[in-house]
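> quick one, structure for this:
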Amino acid sequence: MTARATAYPAGAGPADDEAPAPAPAATPAVGSRRLDGRALRTHLGTAAGVVILGALLWRLGTGALLDGLRRIDTGAVLAALGIGAVTTVLSAWRWQLVARGLRIRLPFGPAVADYYRALFLNAALPGGILGDVHRAVRHGQSAGDLRRGVKAVVLERVAGQIALAVFGAAALLVLPSPVRDDVRAAAPLAALAGAGILAVVLAVRMNRAPGRRRTALRTSLDEARQGLLSRQAGPGVALSSALVLAGHLAMFVVAARVAGSAASVAVLVPLAVLALVAMGLPLNIGGFGPREGVTAWAFGAAGLGAGSGVAVAVVYGVLSFVASLPGAVVLVARWYAGLRGYPRTVAASPPPSDAVNSANTAEKESARLASSSFPFSADPREGRPMTPDSV
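Got it, this is the predicted structure:
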C-alpha cells in the first residue's frame, strides 16, 4: 500500500521548523495490515474447505457422492427452484420489514432481485458472505444511509440465525439424533457460557465514557427493537424466519431423497439442523466444506452411513446453488441495462462551440462507462466497483 502525501493549498506548505509527525506514516501500515488480515482469513477459509472436502473424499471415496449427483433429475431441479423462490421471497420480505423498522425505504420488487443476486454471489464466491456485503452496501448507498443499510442486512441475517438457534435447540433436545444426549448434558453449560459472554460484553461497554456508552448502547438496542421486535415488524419477521427455516429443512429432505436415503423426516430434521449450523462456519467454498464433514459424521453416528451423509450434503449444496441461479440472471440483466443506458447519456452532449466542456464531459462519460460495465457494482446506478477489501 502506497502512503498518501498530504495535500496543501497552492502557495502553502508545512512550516520549515515543523517536526515530522510519525503518526500519519504509520496509518497506511495499519490499514494494510487490516486488509491483509481480511484477505488472509478469506484464503484460510477457502483452504480449510478444500482440505475438509479432500479428506472426506480420500477417506470415504467418491462412489456415494457420484451416485447422488447422478440421481439429480429435472424433478429435483424444479423442486429446488420452487423452494428457493419461496424462501427468497420470504427472506426479501423479512429484509423489507427490518429496513422499514429502521426507517429506510426498500421496495419489495428490488429487494427480491437484490436478495437473489446476493444468494448467487454467496454461492459463487469464496467466503459465503460477499453477496450479503454487496447487498448491504448497495442498499445503504441507494437509501442515503450506509450505516442503517448495513444494519438492516445484519439484523435480517441475525433474525434467521435466531430462528435456527431456537428451533435447532428444541429439535436436538427432543428428536432422536446422534447428539441428543450430548446436547442435553451441555445445555446448562451453554446457558452459563452465554451469560458469561453477555456479562463480559456489558463490562466492556461499561468501561467506555459515560456519554458515549449510553449513546451507543441506546442506539443499538433501539435499532434492534425497531427492526426485529416492534409491533409493525416483529410478527412478520418471526413468521418469515420460521417459514424460511422450514424451506431449508425441506430442501435437505429433498436432497436426502435424491441421494437415496430412506430415513424418516423425524430422523433427518436434527441432522439437517447440524448441517445448517455447520454451513455458518466461515471455512467453506460456497457452503461446501464443514457441512459435508458434519453431515458425514452425523449420518455415520445415526447408522445411516458416512458416505451417504456426504452425498446428501453435496446434493443439498448443488440444489441450493440451482435455487440461486435466478440471481445470475438479475446480475447479467442489470449489467446489460447499464451498458444499454450509456449511449443515451452520451447523446446529451454540450453544444459543439464549447470545446473545452465537451472534452471534459466526454472524459467523464468514458470513466463512467468503464465503471458501470462492471457487474458487481456497489453503487445503486451500477457505478463504482465493489471489492471485499473496499467494504
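> thought residue 101 was touching residue 230?
Yes: contact criterion Cβ atoms under 8 Å: residue 101 and residue 230 qualify, at 5.3 Å. The way it works is simple: take the backbone N, C-alpha and C, and place the C-beta from them, glycine included.
> quick one: which of the two has more around it?
Between residue 101 and residue 230, counting by other Cβ atoms under 10 Å, residue 101 is the more crowded of the two (24 against 17).
> gap between that one and residue 234?
With distances taken as Cβ to Cβ, to the nearest Å, residue 101 is found 9 Å from residue 234.
> identify the contacts common to the two.
Contact with both residue 101 and residue 234 is made by residues residue 228, according to Cβ atoms under 8 Å, 6 or more residues apart in numbering.
> show me this structure divided up by domain.
Per the record's domain assignment (automatic domain parsing), the chain is made up of the domains 51-324, 328-391.
> worst average pLDDT in those?
Mean pLDDT values for the domains of the chain show the minimum at domain 328-391, a mean of 53.
> before we move on, the earlier item: return the most buried member of the domains of the chain.
Mean neighbour count, computed with mean count of other Cβ atoms under 10 Å, is highest for domain 51-324 among these, reaching a mean of 18.
> ok, residue 163 touching residue 247?
No: in this structure, residue 163 is not within contact of residue 247 by Cβ under 8 Å, at 11.5 Å.
> only C-alpha atoms, please: export the helix or strand where residue 295 lies in CSV.
Secondary structure assignment for residue 295, by DSSP states H and E: helix 290-301. Coordinates of the C-alpha atoms in helix 290-301 are reproduced here as CSV (Å, rounded to 0.1, in the frame of the first residue of the first chain):
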residue,chain,number,x,y,z
PRO,A,290,-17.8,-28.1,7.1
ARG,A,291,-21.3,-29.1,6.0
GLU,A,292,-20.1,-32.2,4.4
GLY,A,293,-17.9,-33.1,7.3
VAL,A,294,-20.6,-32.6,9.9
THR,A,295,-23.2,-34.4,7.8
ALA,A,296,-20.9,-37.4,7.2
TRP,A,297,-20.3,-37.7,11.0
ALA,A,298,-24.0,-37.3,11.9
PHE,A,299,-25.2,-39.8,9.3
GLY,A,300,-22.5,-42.2,10.4
ALA,A,301,-23.4,-41.8,14.1
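> tell me the angle of the helix or strand just after that helix relative to helix 290-301?
Toward the C-terminal end, the helix or strand that comes next after helix 290-301 (DSSP H and E) is helix 306-324. Between helix 306-324 and helix 290-301, the angle comes out at 140 degrees (axes from the mean of the first three to the mean of the last three Cα atoms, to 10 degrees).
> elements contacting helix 306-324?
helix 22-60, helix 63-70, helix 74-101, helix 108-124, helix 234-258, helix 265-279, helix 290-301 (3 or more Cβ pairs under 8 Å, 6 or more residues apart in numbering; DSSP states H and E).
> will you turn those into a markdown table that also has distance to residue 179?
Putting the helices and strands packed on helix 306-324 into a markdown table (distance: least, Cβ to Cβ, whole Å) gives the following:
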| stretch | distance to residue 179 |
| --- | --- |
| helix 22-60 | 19 |
| helix 63-70 | 22 |
| helix 74-101 | 26 |
| helix 108-124 | 27 |
| helix 234-258 | 16 |
| helix 265-279 | 7 |
| helix 290-301 | 8 |
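> so which of the ones you listed is nearest residue 322?
With distances scored as Cβ to Cβ, the stretch of the helices and strands packed on helix 306-324 nearest to residue 322 is helix 74-101 (4.6 Å).
> which neighbouring elements make contact with that closest one?
Partner elements for helix 74-101 (3+ Cβ pairs under 8 Å, 6+ apart): helix 108-124, helix 146-174, helix 234-258, helix 306-324, helix 326-347.
> so which of these gets nearest residue 138?
Between residue 138 and those, the shortest gap by Cβ to Cβ is with helix 108-124, which sits at 6.8 Å.
> and after the closest one, which helix or strand comes next?
Past helix 108-124, heading to the C-terminal end, the next element that is a helix or strand (DSSP H and E) is helix 130-143.
> could I have that following helix exported to CSV, CA atoms only?
Extracted in CSV, the C-alpha atoms of helix 130-143 (Å, rounded to 0.1, in the frame of the first residue of the first chain):
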residue,chain,number,x,y,z
LEU,A,130,-19.7,-11.4,-0.1
GLY,A,131,-23.2,-11.3,-1.6
ASP,A,132,-24.7,-10.0,1.7
VAL,A,133,-21.9,-7.4,1.9
HIS,A,134,-22.7,-6.2,-1.6
ARG,A,135,-26.4,-6.2,-0.8
ALA,A,136,-25.8,-4.1,2.4
VAL,A,137,-23.6,-1.6,0.8
ARG,A,138,-25.7,-1.1,-2.3
HIS,A,139,-28.9,-0.7,-0.3
GLY,A,140,-27.3,1.7,2.1
GLN,A,141,-26.0,3.9,-0.7
SER,A,142,-29.2,3.9,-2.6
ALA,A,143,-31.1,4.8,0.6
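> and the angle from that helix to helix 306-324?
Here helix 130-143 runs at 20 degrees with respect to helix 306-324, directions being taken by the same axes, to 10 degrees.
> which residues touch residue 259?
With Cβ under 8 Å, 6+ apart as the criterion, the residues that contact residue 259 are 64, 67-68, 71, 308, 311-312, 315.
> switch the cut-off to 7 Å
Residues in contact with residue 259 (Cβ atoms under 7 Å, 6 or more residues apart in numbering) are 68, 71, 308, 311-312, 315.
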